[in-house]
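Chemist: predicted coordinates and the sequence they were generated for:
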Amino acid sequence: MRSTTTAQASIRTRVRIPLTFGDGYSTIAQAVTFDGLADGREHLALLLGEPGLGEPGATPLVRLHSECLTGDVFGSARCDCGPQLREAAERITDTGGVLLYLRQEGRDIGLYNKLDAYALQDSGLDTYQANTALGLPEDARDYTAAAQMLAALGITELDLLTNNPDKARQLAGLGVGVRATVPTGVHSTPDNLRYLRAKAEVTGHTIDLAG
């Protein structure tokens, strides 16, 4: 059962990092690390633009981005993670907010299991069927640590950049005010179309594949 309460976490370090993406886009992030996160992992917050954290009336744009080594680092076209990360960096920089980079590879089943699931997808299963065929949850992610990070940053209400309704549901259940859900773009390719369709049809992601 997922937690509905969050213990307090604290900020450990803040450091400035210039970011440059493969297409040449660049921005400046303040990277923030934490102590006391519920799952003990090294999650990272990237403050981008002018978030106005803690200021009256400030509602930052926030993305919860789960780590994807194959997509974020190697540019795999089997998912839309890399393009979503790049999009989020620019959109959050433009409006001011936070990108939470969460160490939850493969919807938190791990890298090796994710690649095992890829092999099953090649035999015809969709991304969720492959996980369950391995005896794993369709989606094992828990956003308790994300709620702790937001609280440590002084964020009580936000606009959430996501196509995944479960992220908004979990944050709300953890006491984070989600004022609005802002969809990401649709980053479809011939290699990830079946994957995107499964996300839309099985777990209700707001992905319009009609075009």
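Modeler: Structure's in. What do you need?
Chemist: for Arg16, the count of nearby residues, please.
Modeler: 9 (other CB atoms under 10 Å). Just so you know, the C-beta spots here come from the backbone N, C-alpha and C atoms, and that holds for glycine as well.
Chemist: isn't it up against Ala29?
Modeler: Yes: if you go by CB atoms under 8 Å, Arg16 and Ala29 touch, sitting 7.5 Å apart.
Chemist: which stretches of the protein have low pLDDT?
Modeler: Applying pLDDT under 70 to the chain picks out residues 1-6, 51-57, 191-193, 195-196, 198-200, 202-204, 207, 210-211.
Chemist: so where do the helices sit in it?
Modeler: Counting by DSSP state H, the chain has helices at residues 81-95, 105-108, 111-122, 127-133, 144-152, 165-173, 193-203.
Chemist: could you list every helix and strand in contact with the fourth one?
Modeler: Read it as helix 127-133. Counting contacts by 3 or more CB pairs under 8 Å, 6 or more residues apart in numbering; DSSP states H and E, helix 127-133 is packed against helix 111-122, helix 193-203.
Chemist: tell me the contacts of the residue nearest the centre of the chain?
Modeler: With distances taken as CA atoms, centre = their mean, His65 lies nearest the centre of the chain, 1.8 Å away. His65 makes contact with 81, 84-85, 88, 99-102, according to CB atoms under 8 Å, 6 or more residues apart in numbering.
Chemist: tell me the one among the residues you listed nearest to Asn131.
Modeler: Proximity of the contacts of His65 to Asn131 (CB to CB) peaks at Cys81, which lies at 16.0 Å.
Chemist: count of residues packed around the closest one?
Modeler: Neighbours of Cys81 (other CB under 10 Å): 21.
Chemist: now do the contacts for it.
Modeler: By CB under 8 Å, 6+ apart, the neighbours of Cys81 are 65-66, 68, 70-72.
Chemist: and if you look at His43?
Modeler: 34, 37, 100-103, 145-146, 149.
Chemist: likewise Gly22?
Modeler: 75, 86.
Chemist: please report phi then psi for it.
Modeler: Dihedral angles of Gly22 (phi, psi; degrees, to the nearest 10) stand at phi -60, psi -30.
Chemist: all further residue positions should be reported with the first residue as 856.
Modeler: Sure, I'll start numbering at 856, so the last one becomes Gly877.
Chemist: on that earlier part again, which members of the contacts of His898 are classed as buried?
Modeler: Among the contacts of His898, those classed as buried by 16 or more other CB atoms under 10 Å are 889, 892, 955-957, 1000-1001, 1004.
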